[in-house]
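Colleague: structure for this input, please:
(one chain, ligands or ions: 1)
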Amino acid sequence: MGADAWTWSYEGYDPGAERLREALCTLGNGRFATRGAASETPAGPAHYPGTYAAGCYNRLTSTVAGRTVENEDLVNLPNWLPLRYRILPADTPDPGPWLSPDHPQLTGHRRTLDLRRGTLTLRSVYEDGAGRRLTVTERRLVHMAEPQLAAQRLTFTAEGWSGAVEVVAGLDGDVRNSGVDRYRELADTHLTGWYTGIEDDGTFWLHCRTRTSGIRIALAARTRTAPRPRAGHARLTPRRASRTLTVPLRPGATATVDKTVALYTSRDRGVTDPLAAALGTVRDAPAVPRLLASHHRGWDRLWQQARLDVPEEAGRILRLHVFHVLQALSPHTARLDAGVPARGLHGEAYRGHVFWDELFVLPFLNLHFPEVSRSLLNYRHRRLPAAREAAREAGLAGAMYPWQSGSDGREETQRLHLNPRSGRWLPDHSRLQHHVGSAVAYNVWQYWQASGDTKFLHTKGAEMLLEIARFWAAKSDWDPALGRYRIRGVVGPDEYHDGYPGADRPGLDDNAYTNVTAAWVLSRALDLCRTLPEARRQQLFERLALAPDERQRWDDIAHRLHVPYHHGLISQFAGYGQLAELDWAGYRERYGDIRRLDRILEAEGDTVNRYQASKQADVLMLGYLFSPAELSGVFGQLGYRLDDDIWRATVDHYLHRTSHGSTLSALVHAWVLARVRRADAWTYCEEALTGDVADVQGGTTAEGIHLGAMAGTLDFVQRGLTGLETRDRALWLDPAPLPQLSKFGVRIRYRRHRDIDLRIRADRVTIAVPDSEHAAVQVRLRGQPFTVAPGTVRRLGLPGG
Ligand code: BGC
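Modeller: As a prediction, the model looks like this:
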């Protein structure tokens, strides 16, 4: 891997690592993205050239294990990459073979991602054993300023021969969703109704639609070569369109082939005819060098807003994370109806569904691109009617957001999932993770605190927050024996535990994370009811038919929800303390990697439900969402004591009983441990940083990056290590830098102030607020108040530091 601070490169061609590299070399602009696959070959065991547009889903039914199941997928769109080439030497009538990185004539290969400029360069060198050498460089972009456009420039250099290169530039609609092996028994053909064509000026195109959601998709491609082609012809089949060009090539000279592609779908705003739009856009597109320049400017603007100065390798990885987060969610996303896909627009794992992962993503976006956060919250707000309907069907009031959300907000969680280790299809109860509603509510609140967008809070934000609060109230039952409210039959963030051993019904009672966040949601909903302007309050209460006694009940529940404890520690759920201890050392010795302990135990005929063993942070998530003061405040409100000793002992307990089967786990542990100043925080931080680049979960990154963990690592620096909170109209800072990460800088946007620079050193903080007409920034550094006026820089020693 290359070591330059702004590039990410892979030297040599390794078919076994290809799919991972494709995911990590994806290019996108928040509207659509394409994996960094070779252009020369279609999908095959080593290659998977997927293209995905935000929010473009399709639903199919399949039969697995004798049951009919329905799945909605983020659709793999036609492949716009194809570019094949071969040598036509002047001294022989026989053309050379079609070349690709898989061809034995390959003698060198390098793939380089330029993070600053947003381009991918693939360089291949071929030698034919007869002294002929061809160097091919492909520069590729998915445009960050003109989000319908993408382009490739191929540059050929010949040594030891002259003649021509024959190049076939294509659009391939014959694609399926076959990027994830585990899904191979499921229906995967989402496209239909293909047709292709070519215009008089040589622009060729492909049109098709998704089978059941009826989204029309059009791609149009234009080619230009230098020197001019000697010959050219088009080839059209119903699912593929291509143009073949023969470009002369002399030794020492170069030939270039540019391919510019426009991609539209019928979901695009203001577009009724995607094909006409694609043809028009590609016809008017400037030449590739100018496209590159405007693309670079687009990226420049983003880097200005998301500046992060972290030294050395950690900084390089974090830059890659910024790059991928912004390729999945950019200001272009703000114009779409799309949520946060857990695996980015980088692959097909989890079918492009939207989980609670936005909890790890929005806090980062809030402080740089609040308009993107707002649009992601709008995605949830548009699906509030579906969430209400889901609650109603469950016999409950309020809004029950789905654990997995897709196009229309219905529950998309699969009913069965495959354990690849045992080959068995098993019931999937993860839909009982109703805590996703609290994540939506938390994000509404966080977004408002960081952006100051009261209008949103008082309208759409309030509707979501109040309806989620109402759901929690409906889900809470009074237990007279306990003298507390209880929330039963749920699954917490730790997906390993989906029921009590031997129980005939799935779900657990009183998941501490669920109950504490529910109490927090109820309290914030009540705060909001108190502070809404009178007219708005009346209007909202009428619209939601919210009666005063309902609010009284919320208040009661917010003070009397049950939080289970065992041996003086917070229990993950009621009864957790009675579960068996797992022989961790034995399992590690036997299996090595035990991240997916659930699969190991199931394959052994056992179940992880029997053990005190978690997939990921569950109770400890509380230390991720809330500062120590806020957390002990919520516990205090519920009538429980949570002091440093209890929290530390709780952290210790779960730390030793978690297998980290989710990339979110290392991140949360790094955060929580850094906040309690534990030396081992760095181990988890390193794991969180390398989660995708080193494919820590063993093969999963190839199926898509882990967007929550990537954004989470950025937020770990931005909020975790700085202790930054945006509340009560002030920036609160309580730095807890790690010895390995003690000097860094972040740039944030806070309310009306753009580009506030925070620099942290072990013993001081520097805050620079750019000049503007806005009010001074109120800062609370470890509780001590300071004011930083626009146009000034303040260096503050750490109180008590
Ligand atoms: C994790 C969930 C997460 C999902 C999507 C799962 O492995 O357990 O917490 O939401 O992946 O990223």
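Colleague: the ligand contacts on this protein?
Modeller: Contact residues, the chain versus the ligand (CB under 6 Å from any ligand atom): Ala342, Tyr350, Phe355, Trp356, Asp357, Pro493, Glu495, Lys615, Gln616, Ser662, Leu664, Gly708. Heads up, the C-betas are built off the backbone N, CA and C, glycines and all.
Colleague: let's go with 5 Å and repeat that
Modeller: Ala342, Phe355, Asp357, Glu495, Ser662 (CB under 5 Å from any ligand atom).
Colleague: next, the contact list for the first one, please.
Modeller: The neighbourhood of Ala342, defined by CB atoms under 8 Å, 6 or more residues apart in numbering, consists of Ala349, Tyr350, His353, Val354, Phe355, Asp357, Gly704, His706, Leu707, Gly708.
Colleague: so of these, which ones are in helices?
Modeller: Among those, the ones falling in helices (DSSP state H) are Leu707, Gly708.
Colleague: which among the contacts of Ala342 gets closest to Gly129?
Modeller: Gly704 (39.4 Å; CB to CB).
Colleague: ok, now which ones touch that closest one?
Modeller: Gly704 makes contact with Ala23, Ala342, Arg343, Gly344, His346, Gly347, Glu348, Ala349, Tyr350, according to CB under 8 Å, 6+ apart.
Colleague: give me the phi and psi for the closest residue to the third one other than its chain neighbours.
Modeller: Nearest non-adjacent residue to Arg343, counting by CB to CB, 6 or more residues apart in numbering: Gly704, 2.8 Å away. Gly704 adopts backbone torsions of phi 130, psi 140, taken as degrees, to the nearest 10.
Colleague: still on that earlier bit, may I see the residues of the chain next to the ligand arranged in a markdown table, with distance to Arg551 and pLDDT as well?
Modeller: Below are the residues of the chain next to the ligand laid out as a markdown table (distance: CB to CB, whole Å; pLDDT from 0 to 100):
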| residue | distance to Arg551 | pLDDT |
| --- | --- | --- |
| Ala342 | 35 | 98 |
| Phe355 | 30 | 98 |
| Asp357 | 31 | 98 |
| Glu495 | 33 | 97 |
| Ser662 | 36 | 95 |
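Colleague: of those residues, buried ones?
Modeller: Restricting those to buried positions leaves Ala342, Phe355, Asp357, Glu495, Ser662, with burial counted as 16 or more other CB atoms under 10 Å.
Colleague: looking at the contacts of Ala342, which is nearest the ligand?
Modeller: Nearest to the ligand out of the contacts of Ala342 is Phe355 (CB to the nearest ligand atom; 3.6 Å).
Colleague: Ala53 versus the closest one, what's the distance?
Modeller: Distance from Phe355 to Ala53, counting by CB to CB, to the nearest Å: 19 Å.
Colleague: what's the closest residue to Ala762 other than its chain neighbours sitting at in phi/psi?
Modeller: Nearest non-adjacent residue to Ala762, counting by CB to CB, 6+ apart: Ser742, 4.7 Å away. Backbone geometry at Ser742, expressed as degrees, to the nearest 10, gives phi -110, psi -10.
Colleague: next, count neighbours for Ser742.
Modeller: 14 (other CB atoms under 10 Å).
Colleague: give me the distance between Thr244 and the ligand.
Modeller: Distance, Thr244 to the ligand, by CB to the nearest ligand atom, to the nearest Å: 43 Å.
Colleague: correct me, but that residue touches Val165?
Modeller: No - at 11.0 Å, Thr244 and Val165 do not qualify as touching, with contact defined as CB atoms under 8 Å.
Colleague: show me which of the two is the more surrounded one.
Modeller: Counted by other CB under 10 Å, Thr244 and Val165 do not tie: Val165 has more neighbours, with 24 against 17.
Colleague: for that one, what are its contacts?
Modeller: Tyr85, Arg86, Ile87, Leu88, Leu134, Phe156, Thr246, Val247, Leu249, Ala255.
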